[in-house]
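Novice: sequence first, then the predicted structure:
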Amino acid sequence: MKNLKNSALFAVILALFSLNATAQKGSAFGIKGGLNYSGNGDYFESISANAQNPDRNIGYHVGVFGKIGNRIYFRPELVYTATKSDYDNNEFNVKKIDAPLLLGLKVLGPVSVFGGPSLQYLLDTEFDGITINNVEDDFSVGLNFGIGLNLDKVGIDLRYERGFNNNEANFINTNISANAGSRIDTRPDQLILSLSIAL
C-alpha cells in the first residue's frame, strides 16, 4: 500500500512538471491558493454515543497546478491543505496533501465546470493538543467538483470536496472525556475557494 501511495503522488508530481516542459496552446502551469470552509468529520465520544457534528471553520490551501487542453482539459494539482473544526470548544486540526485529478469542460466563454477524484495523504492530525497517530488510513480518495472562471492567466474557482469512505481516528484520554473508544471521522467535507495564476 505504501508503494501505491508513493507511486500515485510521484505520478501527479511528474505530470505537473511535464506540463511546464511541454507547453502548448491551452496548456498551463501555475500556482494556486485560497480558503477552505470545512468540517473534519463527526466526533463520537464513546462507542455508544451519538455523533457530534463539527462547527465548520475557515482553513487554507496553497499549491501548484497544471492544465492540458483548451475546451476540454485535464488539470492535475498538488496542494497543501490545513483545516480546523470545533467540537464544544475543542479543536481538531488536519494537515494533508491533496492531489486532485480533474477533467474540465468550458461551457460558456471563460466559465468551465470540472470534476474528478482527489488523492489525499494525511500529514498530521491533532485534537486539542493531542497528536493522533492511529488514523485508519493515511491515504484516501475523495471527489472534487465545481465551477471556474478563467480570465487570461488568472482563474478563480469554487468547488466541493467529499471523501468517499469513512476514515476514523481513534484516541483516548481527551479533554472532553476519559472514555476509551473516542473517535473522529477524518473524511473531508468542504467548500474550497481558490485563486490561481498561470506562470
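Specialist: It's in. Numbers count the residues shown, from 1 in each chain.

Novice: when you work out contacts or count neighbours from here on, use the C-alpha atoms and nothing else.
Specialist: Noted.

Novice: can you check which strand is longest in the protein?
Specialist: Assignment by DSSP state E gives strand 90-108 as the longest strand of the chain.

Novice: rounded mean pLDDT for that strand, please.
Specialist: The pLDDT scores in strand 90-108 average 91.

Novice: what of stretch 140-150?
Specialist: Throughout stretch 140-150, pLDDT has a mean value of 93.

Novice: any chance of the backbone angles for Asp88?
Specialist: Phi and psi for Asp88, reported as degrees, to the nearest 10, are phi 50, psi 60.

Novice: how many other residues sit next to it?
Specialist: Neighbours of Asp88 under the rule other C-alpha atoms under 10 Å: 10.

Novice: show me what the helix or strand just after the longest strand of the chain is packed against.
Specialist: Going down the chain from strand 90-108, the next helix or strand is strand 111-127, by DSSP states H and E. The contact analysis (3 or more C-alpha pairs under 8 Å, 6 or more residues apart in numbering; DSSP states H and E) places strand 111-127 against strand 90-108, strand 139-151.

Novice: could you dump these to CSV with distance to Gly59 and mean neighbour count?
Specialist: Formatted as CSV, the helices and strands packed on strand 111-127 follow (distance: least, C-alpha to C-alpha, whole Å; neighbours: other C-alpha atoms under 10 Å):
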stretch, distance to Gly59, mean neighbour count
strand 90-108, 10, 19
strand 139-151, 17, 18
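
Novice: wait, which of those strands is closest to Val62?
Specialist: strand 90-108 (9.9 Å; C-alpha to C-alpha).

Novice: what pairs with that closest one, parallel or antiparallel?
Specialist: In the sheet, strand 90-108 lines up against strand 72-87 (antiparallel), strand 111-127 (antiparallel) (DSSP bridges).

Novice: how big is the angle separating it from strand 139-151?
Specialist: Using axes from the mean of the first three to the mean of the last three C-alpha atoms, to 10 degrees, the inter-axis angle of strand 90-108 relative to strand 139-151 is 50 degrees.
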